[in-house]
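[1] got a predicted model here, sequence first, then my questions.
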Amino acid sequence: MDFFTSRRGYKSRCVLCGLEANYVSETLGVCPSCVRNRFDEARPYLATAHAKIRKRYGLPPEPPRDKNGIECRDCGNLCKIPRGGKGFCGMVENFEGKLVRRFGTPERGLLSWYYDPLPTNCVPADFCAGSSGAGYPKWCRTPRGDIGYYNLSIFMGSCTYSCLYCQNYGYRDLTVTGSPTMNAAQLAEKADESVGCVCYFGGDPSSQMPFVIASAGMMRDDAEKEGRILRVCLETNLSMNHETLEKFTELSINSGGGIKADLKCWSSEILYALSGIEHRAAYDNFVWLGKQHSRRPEVPLARASTLLVPGYIDEEEIRSLASFIANLDPTIPYSLLAFHPLYHMEDMPLTKKEDAERFLKICREEGLQRVRIGNPWLLV
């Protein structure tokens, strides 16, 4: 019997209402209903859960708000970092009264990388040029995509959120150790003639956007000089500052790439519970991104996804998200992703097939034209 099978009957108890259910996170200790409806009471428990985990990595328990600190405006957290302290992402420090970026500068990034054969299993693969053939012949090499070429996958070793269910939580090791690193020119060299597309993910690129833009710009310059197709893409929580989003969007839209936003949920209460943040920069950014979507209809620029965390992501969350996206542009692709219990929510159940199918129907009712279940093999 594997771990997940053995945990399917496991139930945790909500500290506020006493509900026992397998979709109550033991780490949070508060059921989804109490998070939404009794948030003032729930918040101390949620804050304690996040603080305990982040302490293990030497990171601030929440975005710092020191009245005498220096404000970092690189993402929506808008940390006010005290002297000798660091920002929520761990990449920026207040050193002797000056903000210093440890990694994610235009020169050096904290990351690992690998080549992934095309077509890939990336979330928006059904809609991207490299895997689907969308936009052939301008944006890819064959009607079936860039068969025989590679995606240069760049795993950024830091993040602006603190998601308890992170599916790529190994980035924390990079944040703590400060290794491995690479300069922008070295990384750009990896995007050679065998590479059809480049994708920055993580962790999250939003925590190192100066490096992302610098390295992606070098790759695009080289490809244009050589007359090669090279798409550049982001998979991100979309919490970066707006200026850097605009800069990367131009690189992406002019290359045939795309920006996939991981929209965690809709309500601010659930967002804080699952991800430890309280701002809504990602949604503001997505409004702007959605307005750029029609500039290149043959290959979708804006893309979105949501992980279906049992109980916490319910009909209300999905309907609100679907309506939000559809009101911007109903042709924006949206992927519903089955939840895989990992990191500090490994006691949670897998997403039920009946729930995913119900959510899919809701998205279509709200007007979305390109909605799908991204990883149906995980459904139970």
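    Yep, that arrived.
[2] contacts for stretch 47-57?
    Outside stretch 47-57, the residues that touch it by CB atoms under 8 Å, 6 or more residues apart in numbering are 27-29, 60-62, 90, 162, 164, 172, 175-176, 276, 344. Yep, even glycine has a C-beta here, placed from its N, CA and C like the rest.
[3] which one of those is nearest residue 216?
    Distance to residue 216 across the contacts of stretch 47-57 (CB to CB) is lowest for residue 175, with 21.5 Å.
[4] what about the closest one, helix or strand, and which?
    Using DSSP states H and E, residue 175 falls within helix 171-177.
[5] contacts for that helix?
    57-59, 89-91, 110-112, 155-159, 180, 202-203.
[6] just checking, next helix/strand downstream of the host helix or strand of residue 54?
    In this assignment (DSSP H and E), residue 54 forms part of helix 39-55. Scanning forward in sequence from helix 39-55 by DSSP H and E, the next helix or strand is strand 70-71.
[7] what about that next one, average pLDDT?
    For strand 70-71, mean pLDDT rounds to 98.
[8] mind giving me the packing neighbours of it?
    With contacts defined as 3 or more CB pairs under 8 Å, 6 or more residues apart in numbering; DSSP states H and E, strand 70-71 has these neighbours: strand 80-81.
[9] mind listing what the top strand by length along the chain pairs with, with the direction of each?
    Ranked by residue count under DSSP state E, the longest strand found in the chain is strand 108-117. When pairing is defined by DSSP bridges, strand 108-117 lines up against strand 150-156 (antiparallel), strand 181-183 (antiparallel).
[10] next, the buried residues of that strand.
    108, 109, 110, 111, 112, 113, 116 (16 or more other CB atoms under 10 Å).
[11] touching whichever helix or strand comes after it from outside, list them.
    Following strand 108-117 in sequence order, the next helix or strand is helix 129-132 (DSSP H and E). With CB under 8 Å, 6+ apart as the test, helix 129-132 has contacts from 118-120, 122, 125-126, 135-136, 139-140, 144-146, 149, 151, 196-197, 231, 256, 299.
[12] for residue 305, which of the strands paired with strand 108-117 is the nearest?
    Here strand 150-156 is closest among the strands paired with strand 108-117 (CB to CB), at 16.7 Å.
[13] now that closest one: average pLDDT?
    98.
[14] what residues of that strand count as buried?
    150, 151, 152, 153, 154, 155, 156.
[15] could you dump those to a markdown table with distance to residue 101?
    Formatted as a markdown table, the buried residues of strand 150-156 follow (distance: CB to CB, whole Å):
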| residue | distance to residue 101 |
| --- | --- |
| 150 | 30 |
| 151 | 27 |
| 152 | 24 |
| 153 | 24 |
| 154 | 18 |
| 155 | 19 |
| 156 | 14 |
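[16] of these, closest to residue 69?
    residue 156 (24.8 Å).
[17] if the closest one is in a bridge, with which residues?
    residue 111, residue 202.
[18] quick one, what contacts it?
    Residue 156 touches 104, 109-111, 171, 200-205, 207-208, 212, counting by CB under 8 Å, 6+ apart.
[19] repeat that for 7 Å
    By CB atoms under 7 Å, 6 or more residues apart in numbering, residue 156 lies in contact with 109, 111, 171, 200, 201, 202, 203, 204, 205, 207, 208.
[20] out of the residues you listed, which are buried?
    109, 111, 171, 200, 201, 202, 203, 204, 205, 207, 208.
[21] before we move on, back to that, of all the strands paired with strand 108-117, which one comes closest to residue 270?
    Closest among these, using CB to CB: strand 150-156, at 24.8 Å.
[22] returning to that earlier point: of all the strands paired with strand 108-117, which one is nearest residue 246?
    strand 150-156 (19.3 Å).
[23] how distant is that closest one from the center of its chain?
    15 Å (CA atoms, centre = their mean, to the nearest Å).
[24] likewise for stretch 349-367?
    For stretch 349-367, the distance to the chain centre is 21 Å (CA atoms, centre = their mean).
[25] which parts of it are buried?
    Buried residues in stretch 349-367 (16+ other CB under 10 Å): 349, 350, 351, 355, 356, 359, 360, 362, 363, 366.
[26] ok now do the second one, which residues does it touch?
    Yep, that's residue 350 we're talking about. Residue 350 neighbours (CB under 7 Å, 6+ apart): 4, 338, 339, 340, 341, 378, 380.
[27] picking that back up, any idea how far the helix holding residue 54 is from the chain center?
    21 Å.
[28] tell me the buried residues in that helix?
    Quick answer for helix 39-55 (16+ other CB under 10 Å): 39, 42, 43, 45, 46, 49, 50, 53, 54.
[29] what does stretch 252-264 give?
    For stretch 252-264, by 16+ other CB under 10 Å, it's 252, 253, 255, 256, 257, 258, 259, 260, 261, 262, 263, 264.
[30] export the host helix or strand of residue 185 to CSV, keeping only CA atoms.
    Residue 185 belongs to helix 184-189 when elements are defined using DSSP H and E. Extracted in CSV, the C-alpha atoms of helix 184-189 (Å, rounded to 0.1, in the frame of the first residue of the first chain):
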residue,chain,number,x,y,z
ALA,A,184,22.9,35.5,-18.2
ALA,A,185,25.4,35.0,-21.1
GLN,A,186,26.2,31.4,-20.0
LEU,A,187,22.5,30.6,-19.9
ALA,A,188,21.8,32.2,-23.2
GLU,A,189,24.4,29.9,-24.8
